[in-house]
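**Student:** curious how this folds, go ahead:
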Amino acid sequence: LVPEQQARKNSETSSSGDEVARLLGDLGDNLIHILERVKHDGTVEKSHLGFVALMSPMLSSSDERLNILPYQWLTRLRQFVLRPNQTLSDIVRRSAGLPYAFNAIIKSEPRGLPKKLLPMGMKMFLEIATGSARNNGAAGDCVTFAFESR
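**Tutor:** Down below sits the predicted model:
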């Protein structure tokens, strides 16, 4: 289990709705984990498609336990970009899936409803990209990819 899965497992009860939310959360955590660490284009693209397919129904659901997960994943991407002790080669090698993960989150928002994740994510990554941190390139890639894929 990745740390996010263990924390969720420890905090939830055993009702069937909670179990579904936990399992879907675990699936999303695994996809984010792949997108954070893998550089292979085929793996990144397939994980991206799976992530979109997973999140679209979550954001359309009336179940708050499911609605909140994409927001948590967006925050997790921010934390990944800002993690300490990164080298330049680490950022270049390991950030290949970040734009795809960010794009999956914003593409999953239901059509016809106000967009919430897009402005939140753009603000988040633009703040990082315009900052002086060494990891601003990965954040800039996320913003650029979002514009190019729209």
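
**Student:** what's the local residue count around residue 121?
**Tutor:** Neighbours of residue 121 under the rule other CB atoms under 10 Å: 24. Just so you know, the C-beta spots here come from the backbone N, C-alpha and C atoms, and that holds for glycine as well.

**Student:** now residue 75, what's its secondary structure?
**Tutor:** helix (DSSP: H, G, I helix; E, B strand; the rest coil).

**Student:** distance of it relative to residue 115?
**Tutor:** 17 Å (CB to CB, to the nearest Å).

**Student:** what about the longest helix in the chain?
**Tutor:** helix 16-37 (DSSP state H).

**Student:** now do the helices in this structure.
**Tutor:** 3-11, 16-37, 41-60, 64-81, 88-94, 98-107, 117-129, 136-148.

**Student:** now the last one: mean pLDDT?
**Tutor:** So the one you mean is helix 136-148. For helix 136-148, mean pLDDT is 64.

**Student:** likewise the first one?
**Tutor:** For helix 3-11, the per-residue pLDDT values average out at 58.

**Student:** what do you get for the longest one?
**Tutor:** The average pLDDT for helix 16-37 rounds to 86.

**Student:** tilt between it and helix 98-107?
**Tutor:** 140 degrees (axes from the mean of the first three to the mean of the last three CA atoms, to 10 degrees).

**Student:** what helices and strands are in contact with helix 16-37?
**Tutor:** Here helix 16-37 touches helix 3-11, helix 41-60, helix 64-81, helix 98-107, going by 3 or more CB pairs under 8 Å, 6 or more residues apart in numbering; DSSP states H and E.

**Student:** cool, and the third one?
**Tutor:** Helix 41-60 makes packing contacts with helix 16-37, helix 64-81, helix 98-107 when contacts are defined by 3+ CB pairs under 8 Å, 6+ apart.

**Student:** mind listing what's buried along the longest one?
**Tutor:** Meaning helix 16-37. 21-22, 24-26, 28-36 (16 or more other CB atoms under 10 Å).
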